[in-house]
Structures are given as C-alpha cells and as structure tokens.
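>>> give the three-dimensional model of this entry:
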Amino acid sequence: MAELSEAEASERRDEYWRQVRSLGVEPAGKIFVDKQPLYTVYLPAVAKLFPEAKILFARRDPRDVVVSCLRRRFRGNTLVSEFTNLERAALLYDAVMMLADIYREKLTLDIYIHRHESLVEDFDTEVQAICAFIGVPWSEAMRDFAETAKRRDVRSPSAKQVRRGLYREGMG
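Numbers count the residues shown, from 1 in each chain. Have a look, this model is predicted:
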C-alpha cells in the first residue's frame, strides 16, 4: 500500500464503490458509513485510499466488549473465531486496540474517539459532538433511534440491543 501510485489507488477506490453499488447502495451525495469494528486493522489502507475519510472510533470498557463478543453469534471468519474463548478474545481485543493507538499516532486520518459510556451518560452531548465531527445537523429525532431501528432491517449482531435503546446493564 505504501508504494501504491495515485492511479492504482484510484482504481482500488473505484472497485470499492463498485462493490458498494453491487449491494444495492448508491453512496453518491450521501454520508456513507462502513461499520465494522475489526476494520481497525485496515486503517492504513483507509488512510491511503480514502485520506479524507472521517473515522468514528468507538471505545468501550474492554471487559464489556469481550463479554459482549463472547455472547454474540458472528458470521464465521478467522478473527471472530477468537471470540469463542475468553482469553483469546481478550488478547485479540488488546492487540487490536494497541494497533489502533499506533495508527492514531502514525496516520493522518481525522479520528474522533467516541466512548460508549459517554453516550449512555449524556446522549445529547455525545451525539451532538459526533454530528459536529461528521458534519451533519443534530436533530432531536436522533433520540428515537431505537424506534427507527424497529422499523428497519438492521443487519448487525447487536440489532436486538439497538432496538432496545440505551441501557446501563451492559456496562461494567
């Protein structure tokens, strides 16, 4: 990636957007969110291919993340197989977060670190900060995300939790 020419980077960007469109999504003129926590390991590629990207980096108490991952049924791949064992899940989480810290030091990406606990404690303040970061206007309707999710096809291992709304039971 370090030696990729601008022409090659452009080809790879075009391929990425072709893949997105092949899934029935037209991203032109929209804020496009590609949400996948394990994409952290690909941040150097993001920096090379999408240097203007804004990265909303979610941080949460590591204990809560690891327990949550152990309880979810993820679609299988090499990385998520680590979420079937407490020690391996904790080691993977730690390694990815250490890598993220290195990337934040070395890469020139625009990164906002969002704390889940802050969202639970003060939803409006945290979401307003996120909106300011990504450049969208705050709306009070954002408070109704759980009701909106109930009407939509949410394809995430945490869909049930999203539809439930914010709660403190998963903290600590």
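
>>> nearest the geometric middle of this structure, what residue?
K35 (4.1 Å; CA atoms, centre = their mean).

>>> hang on, that one in a helix?
No: counting by DSSP: H, G, I helix; E, B strand; the rest coil, K35 is not part of a helix but coil.

>>> quick one: it from L4, how far?
25 Å (CB to CB, to the nearest Å). Just so you know, the C-beta spots here come from the backbone N, C-alpha and C atoms, and that holds for glycine as well.

>>> could you pull up phi and psi at the nearest residue to W17 once chain neighbours are set aside?
If the residues on either side of it in the chain are set aside, W17 comes closest to P27, at 6.7 Å by CB to CB, 6 or more residues apart in numbering. Backbone torsions for P27, taken as degrees, to the nearest 10, come to phi -80, psi -10.

>>> correct me, but P27 touches Y16?
No: P27 lies out of contact with Y16 (CB atoms under 8 Å); the separation is 9.9 Å.

>>> where in this structure is pLDDT low?
The chain contains residues with pLDDT under 70 at 73-79, 155-160, 164, 167-168, 171.

>>> going by length in residues, pull out the top helix of it.
Taking DSSP state H as the criterion, the chain has its longest helix at helix 86-106.

>>> how about that one as CSV, C-alpha atoms only?
Presented in CSV, the C-alpha positions along helix 86-106 are these (Å, rounded to 0.1, in the frame of the first residue of the first chain):
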residue,chain,number,x,y,z
LEU,A,86,-12.4,-15.7,26.9
GLU,A,87,-8.6,-15.5,26.9
ARG,A,88,-8.2,-15.4,23.1
ALA,A,89,-10.9,-12.8,22.8
ALA,A,90,-9.2,-10.6,25.4
LEU,A,91,-5.8,-11.0,23.7
LEU,A,92,-7.3,-10.1,20.3
TYR,A,93,-9.1,-7.1,21.7
ASP,A,94,-5.9,-5.9,23.4
ALA,A,95,-3.8,-6.4,20.3
VAL,A,96,-6.3,-4.5,18.1
MET,A,97,-6.5,-1.6,20.5
MET,A,98,-2.7,-1.3,20.7
LEU,A,99,-2.6,-1.3,16.9
ALA,A,100,-5.2,1.4,16.9
ASP,A,101,-3.1,3.5,19.2
ILE,A,102,-0.1,3.1,16.9
TYR,A,103,-2.2,4.0,13.9
ARG,A,104,-3.6,7.1,15.5
GLU,A,105,0.0,8.3,16.2
LYS,A,106,1.3,7.5,12.7
